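*Asks:* Quick one, fold the following:
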Amino acid sequence: MVKLIYALFKMKLFSPFGLYSLFSALHKHGINIMALLGFAAKVYADKIALVDENETLTYKELFSQSIKISMILKEKYKLVSGHKVGFLCKNHSSLVKALFAVSQSGADIYLLNAEMSGSQFDNILSKTDFHLIIYDFELSSLIEGSSYTKEKILSYHDSLPAISNLHNLCSDENLKIKRSSTGRLMLSRC
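*Replies:* The predicted structure is shown next:
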């Protein structure tokens, strides 16, 4: 028990400001992983949250971009609670931003194996009706060679619509965050 209290103290959670920040984030976002990022953005605002070959983001920047992406996914892709979103991505910042953004919508998150074969992907598609698939450019042939016909968006691209540049389409004054409950997090079996 002492170790737990010490760990909470080190995370700045076991303090008046930490508790206020956590409950404020839960009230604003609902119970989902975006609430945790909201907490981290308040407590660790200018600390580095994420680094990959394309960018380095602080917690505040990661939170801001994820919220903006969430708004675009809701507006442009009509993403709502109960929808299923497949992720065919390797580990990078666009994946992380998209996970937080989809979580804010309340949609179910399906982490798919980026190394799967076309037949394995078709098998998953026959069992799961995805509303949206977020995928890496290198996996375009897997999507194009499948029976999938609904919404899709690249995770990262310099010029095409992609998670990496969606946050640029949303200004700060358009942000109206709606509280949502968490969707499910599923891992593919392939």
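*Asks:* Tell me which stretches of this structure form helices.
*Replies:* 2-10, 16-29, 33-43, 59-76, 93-105, 118-127, 140-144, 163-166 (DSSP state H).
*Asks:* Pick the most deeply packed of the ones you listed.
*Replies:* helix 93-105 (a mean of 25; mean count of other Cβ atoms under 10 Å). Every C-beta, even on glycine, is put in place using the N, C-alpha and C of the backbone.
*Asks:* so where's the chain uncertain?
*Replies:* Along the chain, segments meeting pLDDT under 70 span 1-32, 170-186, 188-190.
*Asks:* Just to check, residue 93 is in contact with residue 57?
*Replies:* Yes - because the distance of 6.5 Å satisfies Cβ atoms under 8 Å, residue 93 is recorded as touching residue 57.
*Asks:* Would you mind listing the residues touching both of the two?
*Replies:* residue 50 (Cβ atoms under 8 Å, 6 or more residues apart in numbering).
*Asks:* List the contacts of residue 154.
*Replies:* Listed by Cβ under 8 Å, 6+ apart, the contact partners of residue 154 are 134, 135, 136, 137, 160, 161, 162, 163, 164.
*Asks:* Looking at these, which is nearest residue 116?
*Replies:* residue 135 (11.7 Å; Cβ to Cβ).
*Asks:* Same list as before, the helices of the chain that is, but in TSV and with distance to residue 53 included.
*Replies:* Listed next are those as TSV, based on distance: least, Cβ to Cβ, whole Å:
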stretch	distance to residue 53
helix 2-10	30
helix 16-29	29
helix 33-43	22
helix 59-76	16
helix 93-105	9
helix 118-127	26
helix 140-144	20
helix 163-166	12
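*Asks:* what's the distance between residue 84 and residue 74?
*Replies:* In this view, residue 84 and residue 74 are 15 Å apart by Cβ to Cβ, to the nearest Å.
*Asks:* try residue 117
*Replies:* The spacing between residue 117 and residue 74, counted by Cβ to Cβ, is 33 Å.
*Asks:* tally of neighbours for residue 106?
*Replies:* Residues within reach of residue 106, counting by other Cβ atoms under 10 Å, total 21.
*Asks:* Skipping adjacent residues, who's closest to it in space?
*Replies:* Distances taken as Cβ to Cβ, 6 or more residues apart in numbering put residue 81 closest to residue 106, at 3.1 Å, once the chain neighbours are dropped.
*Asks:* Would you confirm that the one you found contacts residue 107?
*Replies:* Yes - with contacts counted by Cβ under 8 Å, residue 81 reaches residue 107, the gap being 6.5 Å.
*Asks:* quick one: which of these two has more around it?
*Replies:* Neighbour count, other Cβ under 10 Å: between residue 81 and residue 107, residue 107 has more, with 27 against 14.
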